[in-house]
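K.L.:
take this sequence and fold it.
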Amino acid sequence: MKKIKLHHLSLLVCALFPFSLAVAQNETVETQEQSETQALTPLPLDQIRSFADIFTRIKLNYVEPVSDEELLRYAVEGMLNGLDPHSVYLKDERFEELNEGTRGAFNGLGMEVVMDEGFVKVIAPIDDTPAARAGIQTGDLIIRIDGKTVSGLSLQEATEEMRGEPGTSITLTILREAEPEPFDLELKRAVVRLSSVKRKRLSDDIGYIRVSQFQIATAENFRKQLKMLRDESGFRGLVLDLRNNPGGLLTSAVSIADTMLTGGTIVTTKSRHAENDQKYDATQTDLLDGKPVVVLINGGTASASEIVAGALQDHERALILGTPSFGKGSVQTVMNIGEQEAIKLTTARYYTPNGNSIQAAGIVPDVHIEYREFKDRKKALKRITENDLPGHLENEVDEQAAAEGEKDAEISELLARDYQLNEAYNLLKGLVLFSKS
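P.N.:
Just a heads-up that it's a prediction; the model follows:
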């Protein structure tokens, strides 16, 4: 027994020292001098000795055989899971999924999740994905996956349970604040290809852009869509929809905020070491030339989308409407350990231009509007019109006018269905009238 302990201890000490060197060399937010200092810091040998002892006892006495590789992977996952909900170990499939997510295509259900008191909590469902189509909502707690409880699972284990081949079914048991009892939702996994930017014309003078996530190409696509709206005759204001946007790439968010500002700070990041703090400033080009902007946010607006909302709010460039955002104000740095292995580690906090921390506080809207759902009441008797009579004469209207009428009806239906968007539209109409005067 003694020989085994010493053998494992020597292996672990030899393995951990180069590992600490590798981390220091790959850390992107620390200076070379600090990396060298950290690499030379003596290892806590008493704790490592205890770790080796526990490792050996598990290896010899656990009820089923378990490999060294598995035990060490569990140890690394445990270290990161114990720090905060966003620091994770990425290996093989999870490493690939990180890259797929930033490129805008992946397999799965399509939602951003974290662990909350032993359950999987939904930050936001992503537009046009199985999760969104099934009615998953921000704040939902997933308590069972295919009948198996998630209590006791790590976030990685829970997400692995939800992954699978496209077309296969999965049943999630949901606990929702507004519902008295848990309920089941059946979803079909799919290949999700995201279009992170969508635009509409709400009226002759009001434009609408929805940003559902911040990916590599999001900022470029946003500029294209914004220019198309801006260059149309009569355009006077924009509704920017960031609801249920779970975040993404910091650089993409900074670039989008920059398109509507003429200078000043967009966001700062502060880490343990002041020399690693970063500040992102806006250029002098406002693609909207000062035209009014209303930004929609809710509890699913997180991370990078909070940076955009916070920057526009602090610079008084936009009015923020909706409900308070999620409050994820931390920076995650991906550090490669090997070709198919990395850790995503929380390394700093975000601060808005006025110096406010987003972490656990979120962005408070200027105009607080709760989400409300309106349902049409079915009439017992449908009124008969000329259009219902067989052989009726068609209206002499050209196809273009008919198409415009259908488009107007679609927008009217959208505004009638989405109370927050309707309020944002009305507020922006008021701002447009004020700017005209």
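
K.L.:
in a helix, E157, correct?
P.N.:
Yes - with DSSP: H, G, I helix; E, B strand; the rest coil as the criterion, E157 is assigned to a helix.

K.L.:
let's have the chain start at 51 instead
P.N.:
Happy to do that; since the first residue is 51 now, the last one works out to E207.

K.L.:
quick one: it from A324, how far?
P.N.:
38 Å (Cβ to Cβ, to the nearest Å). To be clear about C-beta, it is placed using only N, CA and C from the backbone, and glycine gets the same treatment.

K.L.:
contacts only, for L311.
P.N.:
332-333, 336, 361-362, 365, 367 (Cβ atoms under 8 Å, 6 or more residues apart in numbering).

K.L.:
pLDDT value on M165, please?
P.N.:
M165 is assigned a predicted lDDT (pLDDT) of 85.

K.L.:
need the three-state assignment for it.
P.N.:
strand.

K.L.:
now do F156
P.N.:
Going by three-state DSSP: F156 is strand.

K.L.:
pretty sure it contacts V242?
P.N.:
Yes - applying Cβ atoms under 8 Å, one finds F156 in contact with V242, separated by 5.6 Å.

K.L.:
what's the end-to-end length of stretch 223-233?
P.N.:
6 Å (Cα to Cα, to the nearest Å).

K.L.:
tell me where the stretch 301-450 of the chain has strands.
P.N.:
315-320, 328-331, 343-347, 369-372, 380-388, 391-401, 417-418 (DSSP state E, counting those that start in this stretch).

K.L.:
show me the contact partners of the last one.
P.N.:
I take that to be strand 417-418. Outside strand 417-418, the residues touching it (Cβ under 8 Å, 6+ apart) are 369-373, 473, 477.

K.L.:
sorry, back to before: so which of the contacts of L311 would you say is closest to Y124?
P.N.:
Closest approach between these and Y124, by Cβ to Cβ: A361, at 40.4 Å.

K.L.:
L203 is nearest to which of the strands of the stretch 301-450 of the chain?
P.N.:
Nearest of these (Cβ to Cβ): strand 391-401, 18.6 Å.

K.L.:
quick one: list the elements packing against that closest one.
P.N.:
helix 118-131, strand 138-141, helix 143-153, strand 315-320, strand 380-388 (3 or more Cβ pairs under 8 Å, 6 or more residues apart in numbering; DSSP states H and E).

K.L.:
got any ranges where the chain has weak pLDDT?
P.N.:
51-90, 147-155, 423-438, 442, 445-457, 487 (pLDDT under 70).

K.L.:
what domains does the record give for it?
P.N.:
Taking automatic domain parsing as the reference, the chain has its domains at 52-116, 155-243, 245-317+331-378+399-426+448-487.

K.L.:
which residues of this structure fall in helices?
P.N.:
52-76, 82-90, 95-111, 118-131, 143-153, 180-184, 205-212, 268-280, 300-308, 354-364, 449-467, 469-486 (DSSP state H).

K.L.:
tell me, what residue is most central in the chain?
P.N.:
With the centre of the chain defined as its mean C-alpha position, the nearest residue by Cα atoms, centre = their mean is P296, 1.6 Å away.

K.L.:
which residues touch that one?
P.N.:
By Cβ under 8 Å, 6+ apart, the neighbours of P296 are 162, 173-174, 176, 263, 350, 352-353, 355.

K.L.:
which phi and psi does it have?
P.N.:
phi -80, psi 0 (degrees, to the nearest 10).

K.L.:
ok, for it, nearest residue in space, not its chain neighbours?
P.N.:
Spatial nearest neighbour of P296, excluding adjacent residues (Cβ to Cβ, 6 or more residues apart in numbering): E162 at 3.4 Å.

K.L.:
I'd assumed K171 was in contact with that neighbour.
P.N.:
No - counting by Cβ under 8 Å, K171 is not a contact partner of E162; they are 9.9 Å apart.

K.L.:
returning to what we had before: dump the contacts of strand 417-418 into CSV; add distance to A184 and neighbour count as well.
P.N.:
CSV is the format used below for the contacts of strand 417-418 (distance: Cβ to Cβ, whole Å; neighbours: other Cβ atoms under 10 Å):
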residue, distance to A184, neighbour count
L369, 33, 18
I370, 29, 25
L371, 27, 22
G372, 23, 28
T373, 22, 20
E473, 27, 18
L477, 31, 19
